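Asks: heads up, no residue letters with this:
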């Protein structure tokens with residue numbers, strides 16, 4: 001198997017493998033695979049029959065994290081036996097981001113005969129009804145609706161805020177916003193930490209936004225970019241919200257922007273996958289406050 005590094009410029013040649021892609025974890029979004037690349041880790045790919053094989057290589061410090069994901073094909077999925085053979089051929093010991101329903105379909109006994117199964121608790125994806133995030137109905141969302149009203153009164157009604165689609169002309173301003181957002185959170189304190197890696201991925205997504213078939217929205221307050229979001233198709237009824245950033249010092253901004261992004265998906269997708277909390281307590285609390293309708297578990301399979 002000849003693995004080669006895959007980049008955003010490979011999007012057009014690889015997207016055919018994701019036709020009818022059915023795995024609901026955000027790790028199976030092609031734009032996400034391509035942009036999550038940095039100094040310490042890079043995605044590699046190879047074609048085997050009608051499937052795309054995806055592996056992630058890490059540097060020597062994090063070599064234990066090198067992994068594959070399930071092969072992606074428009075014509076079906078690989079059995080546990082085929083996964084075992086592929087891993088040995090590619091020289092990898094483990095798969096990450098294996099959905100629970102994959103294990104259920106083939107049976108835990110069949111999978112465990114070849115692999116040790118381990119839940120990746122910090123990588124559970126948060127799934128929301130698009131309608132819930134767009135409309136925020138009910139008492140459980142009362143505080144968020146109140147914050148949105150305050151934002152509208154101070155900024156929208158005074159023509160101080162407006163939303164736009166992100167184009168290549170907007171990328172420098174979005175990158176400047178991302179730099180300021182990260183300074184607030186000290187993203188670069190640990191170059192190997194999740195926030196630093198996410199920053200690299202967001203920059204890659206912005207710089208390649210016009211070739212990745214993603215939907216990008218920004219919001220300006222007093223002519224300055226103060227929020228942006230990037231969304232991609234995941235499955236037939238689910239979109240993936242990969243990046244959603246907003247300044248915390250503007251009251252109600254995040255709540256308004258989140259609802260705005262969800263409204264753009266009404267009628268197109270029933271669900272929105274807002275990825276995992278990466279084991280960050282504050283992020284977990286914020287995601288739970290929007291009341292996900294389900295949490296999608298992710299598993300690691302290590303060959304025996």
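Replies: Good, I have the coordinates. Keep in mind it's a predicted model, so treat the numbers as computed, not measured.
Asks: alpha carbons only for contacts and neighbour counts from here, please
Replies: Will do.
Asks: The spatially closest residue to residue 98 that is not a sequence neighbour sits in which helix or strand?
Replies: Computed as Cα to Cα, 6 or more residues apart in numbering, the closest residue to residue 98 that is not its neighbour in sequence is residue 299, at 4.8 Å. Element membership for residue 299, per DSSP states H and E: strand 298-303.
Asks: who does that strand touch, helix- and strand-wise?
Replies: With contacts taken as 3 or more Cα pairs under 8 Å, 6 or more residues apart in numbering; DSSP states H and E, strand 298-303 sits against strand 94-99, strand 115-119.
Asks: If I look at the residue nearest to residue 98, what pLDDT would I see?
Replies: Residue 299 is assigned 97 on the pLDDT scale.
Asks: Could you list the low-pLDDT ranges of this structure?
Replies: Applying pLDDT under 70 to the chain picks out residues 189-193.
Asks: Show the residue spans covered by the helices in it.
Replies: For the chain, the helices defined by DSSP state H occupy 11-14, 30-35, 80-90, 100-106, 108-112, 130-135, 142-151, 171-185, 194-207, 253-263, 281-288.
Asks: For residue 49, find the nearest of these.
Replies: Taking Cα to Cα as the measure, the helices of the chain were each checked against residue 49, and helix 80-90 came out nearest at 12.0 Å.
Asks: List the buried residues for that closest one?
Replies: In terms of neighbour count (16 or more other Cα atoms under 10 Å), helix 80-90 has its buried residues at 80, 83, 84, 86, 87.
Asks: and what of stretch 184-202?
Replies: 187, 194, 195, 196, 197, 198, 199, 200, 201, 202.
Asks: I'd say the first one and residue 179 touch.
Replies: What it means is residue 187. No: between residue 187 and residue 179 there is no contact under Cα atoms under 8 Å: 9.2 Å.
Asks: Common neighbours of those two, please.
Replies: Shared contacts of residue 187 and residue 179, defined by Cα atoms under 8 Å, 6 or more residues apart in numbering, are absent.
Asks: Identify the residue spatially nearest to residue 284, adjacent ones excluded.
Replies: Residue 284 sits nearest to residue 277 (Cα to Cα, 6+ apart), 5.1 Å away.
Asks: Over to residue 20?
Replies: Per Cα to Cα, 6+ apart, closest to residue 20 is residue 74, 5.7 Å.
Asks: thinking that neighbour is in contact with residue 23, fair?
Replies: No: contact between residue 74 and residue 23 fails when scored by Cα under 8 Å: they sit 11.4 Å apart.
Asks: So these two - more neighbours on which side?
Replies: Shown here are residue 74 and residue 23; by other Cα atoms under 10 Å, residue 23 has more neighbours (19 against 15).
Asks: How about the contacts made by that one?
Replies: Contacts of residue 23 (Cα under 8 Å, 6+ apart): 99, 234, 235.
Asks: Looking at these, state which has the most neighbours.
Replies: residue 234 leads the contacts of residue 23 on contacts (other Cα under 10 Å) with 28 neighbours.
Asks: what would the buried residues of stretch 184-202 look like in CSV with distance to residue 244?
Replies: Shown next, in CSV, are the buried residues of stretch 184-202 (distance: Cα to Cα, whole Å):
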residue, distance to residue 244
187, 15
194, 15
195, 13
196, 15
197, 15
198, 11
199, 12
200, 14
201, 12
202, 10
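Asks: Tell me the one of the residues you listed nearest residue 158?
Replies: residue 202 (30.8 Å).
Asks: residues in contact with residue 173?
Replies: Taking Cα under 8 Å, 6+ apart, one finds residue 225 in contact with residue 173.
Asks: One more pass at 10 Å, please.
Replies: Contacts for residue 173 (Cα atoms under 10 Å, 6 or more residues apart in numbering) come out as 179, 218, 224, 225, 226.
Asks: From the structure, what's the count of residues near residue 121?
Replies: Neighbours of residue 121 using other Cα under 10 Å come to 15.
Asks: Touching, it and residue 280? I think so.
Replies: No: taking Cα atoms under 10 Å as the definition, residue 121 is not a contact partner of residue 280, at 11.9 Å.
Asks: related to what we said a few turns ago, can you say which of the helices of the chain is nearest to residue 61?
Replies: Closest among the helices of the chain, using Cα to Cα: helix 194-207, at 14.7 Å.
Asks: Give me the distance between the spatially most central residue of the chain and residue 277.
Replies: Taking Cα atoms, centre = their mean, the centroid of the chain lies closest to residue 242, which sits 3.7 Å from it. The gap separating residue 242 from residue 277 is 12 Å, by Cα to Cα, to the nearest Å.
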